[in-house]
Each structure stands twice: as C-alpha cells, then as structure tokens.
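> Dropping the sequence and predicted coords here.
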Amino acid sequence: MTVAVVGSINQDLVVRVPRHPVPGETILGIDHFTVSGGKGANQAVAAARLGCDVTMIGRVGDDDAGRSMVAGLRAEGIDTRHVSVDADAGSGLAVITLDDAGENAIVVSPGANARLPVNAITAAAPVLAAARVALFQLEVPLPAVVAAIAEVGGVVILNPAPAQPLPTSMLARVGILVPNRTELGVLAGTDEPETLDAVEDALAALGFAGRVVVTLGADGAVIAEGGVLTHVPAPTIDPVDTTAAGDAFCGGLADAISRDAPLVEAVRWAVHAGALAATKIGAQPSLPTRDAVLSLMRG
C-alpha cells in the first residue's frame, strides 16, 4: 500500500508551560525536550506505523539534526532516497509551547524545508506516479507542491496547512482536501466556523468540487462528498498533547484510502488515529500503531 509524502521535516523543541503567554509576557516553563517533527515527516511516520510502504520527499540541512531525523525516518521503514540535503541552510525547527490542557502554540522556522526545489520533485516523479496515495501539506514551497501534484498517478490528499490561497488549477487535481476549521475559514474567505452549521456554510463558500474532510478536533470530522455532509464523531479521550493529532489523522486517512476503504470508513479510521495521538506527548512519539488503532475502535 504505497504512499508518497511531500513535505516538511523539522526538529521540534517542546516547552511545557502552565499556560501560554500573552504578548510581552514571560512565563517559566515546566520542562523541555526535543523530538522529530514537521507535518510531512509526521504524516509519513503515521502512515508507516499503520502498515503503509512510505516514501518521503523533502529536504534537511547538512547538520546533526538533519542526519538524526533522516535516520529516524529510516528506522520507521520509510524510504528516504528523495530526502535531499541543503548545504546552505539548517534543518527546519519548530518551537512548541504545550499547556496543561494539552493545547499547543507553534512557531516554525522552515530552514531547508523552504528550499525544496522543483528539480527534487522531478527526480521523484516515478515515485509519485506509482504511489496509490500522495500526501501533501504546505510547509514546503508551493511551486514544489504544485509540481509534485502534477506527477501523481493515484489519489492526491492535500492538508492545506498552514492555510494560504491556492491556485485553482492545483486544487482541480486534489482528490481529498483535508483542512481544519481555521484552514477552511481561510480558504473559503469566511470566519472560522465554530458549529457544524457554520462548517456547512463555509464549505458552500469554498466551492470545491472534490471531496472535503474537515477535521474538528474533539468533535471528529465532517465529510462533504457529492453535496452530502456526514459527521464522523471522535472517541472520548483525555488529551495531553494535540500537536500531531491532525498529522496522525492525515496519515490514517492516506493509509485507509490506499487500501481502497470507502471515505466514511477511512475517516472513521483516521479519527481514531488522531485521537490516540493526542493521548501522548510529542509529535512522532505519539503516532499510533495499527494494533493500537484497532484496539481503540473495538472499545
């Protein structure tokens, strides 16, 4: 079940705090730690732990962090032949504050991720053409994403994060669009939808002809397909860190779609993967295995 992921590879510096500071305020953290992250790498690891054959396409710096992160991807069984090394930029870094409620605030310094060139996509074109699913985010340059989507032979899943205006020609090639509430509001030009009715209104304003899956955190997800909306609830969990929940969702969705699951079943699988990721601290350390997701679904 082959999945190609084009996206970011970051080192995450996580600081636990009692609450997030307001502008101009200094607060004392509780502790801190460093783990591998980046939306692209997280989603690649998520899909790999669920049983997919994954290839990662991205860029790191010529530094210890980059070498460590690539080694970590390989240890997960991920093909990293298309992770290039940039001699002139450091590896990407995310600084994350994590509060007592499990909510996070994140600042990303892209580093080498911002220098992923189109010629790296050209080199990976056979992988993209052969993959059953290709998974994208927006933490690497948009020209590279556009070029990669044009090479895909299977299903294109786009997680439009961080949100930004997107070319209509690019969206036309997207099979499944996976925004959260905030990203849906940006793409649709509306306020962030807080209710299911507001989500429906934003989807109508978006005017996207393909399938859309809106992630809603503890409220699960909403599927828009063929003019019909379907709500998929999330299981009840005690969250400790939501940092990689969305990435676990995307990896789970890619896994299920690669196995030809109907969209509602695929989203149910993805919702449970995302929920499990929120029960552990750290991005990649929190990503669940296939057995763990199956166990949660069985109750």
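Received, thanks. Numbering: from 1, shown residues only.
> which residue ends up closest to the midpoint of this protein in space?
Among the residues of the chain, the one closest to the centroid is Asp247, at 3.5 Å (Cα atoms, centre = their mean).
> pLDDT score for that one?
Turning to Asp247, the model gives it a pLDDT of 97.
> With the one 10 residues further on instead?
The predicted structure scores Ile257 at 98 on the pLDDT scale.
> Can you list the low-confidence ranges for the stretch 1-150 of the chain?
Counting by pLDDT under 70, the stretch 1-150 of the chain shows low-confidence ranges at 1.
> Okay, strands next: where are they in it?
Taking DSSP state E, counting those that start in this stretch as the test, the strands found in the stretch 1-150 of the chain are 2-6, 10-16, 31-37, 53-61, 79-86, 92-98, 104-109, 133-136.
> could the ones you listed be laid out in CSV, adding distance to Ala123?
Glycine gets a C-beta too; all of them are placed from N, C-alpha and C. Putting those into CSV (distance: least, Cβ to Cβ, whole Å) gives the following:
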stretch, distance to Ala123
strand 2-6, 12
strand 10-16, 22
strand 31-37, 24
strand 53-61, 9
strand 79-86, 7
strand 92-98, 20
strand 104-109, 25
strand 133-136, 15
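> These: which one's closest to Asp291?
strand 53-61 (17.9 Å; Cβ to Cβ).
> Give me the sheet partners of that closest one and which way each runs.
Strands adjacent to strand 53-61 in the sheet, as given by DSSP bridges, are strand 2-6 (parallel), strand 79-86 (parallel).
> For the last one, which outside residues touch it?
Spelled out, it's strand 79-86. Residues outside strand 79-86 that contact it (Cβ atoms under 8 Å, 6 or more residues apart in numbering): 9, 53-62, 66, 70, 73-74, 112, 115-116, 120, 123-124, 127.
> switch to 6 Å and redo it
55-59, 61-62, 70, 73-74, 112, 115, 120, 124 (Cβ atoms under 6 Å, 6 or more residues apart in numbering).
> one step back: the strands of the stretch 1-150 of the chain into a markdown table, with extra columns for mean neighbour count and distance to Ser169?
Below are the strands of the stretch 1-150 of the chain laid out as a markdown table (neighbours: other Cβ atoms under 10 Å; distance: least, Cβ to Cβ, whole Å):
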| stretch | mean neighbour count | distance to Ser169 |
| --- | --- | --- |
| strand 2-6 | 28 | 17 |
| strand 10-16 | 22 | 29 |
| strand 31-37 | 17 | 31 |
| strand 53-61 | 27 | 21 |
| strand 79-86 | 19 | 24 |
| strand 92-98 | 22 | 28 |
| strand 104-109 | 15 | 27 |
| strand 133-136 | 29 | 15 |
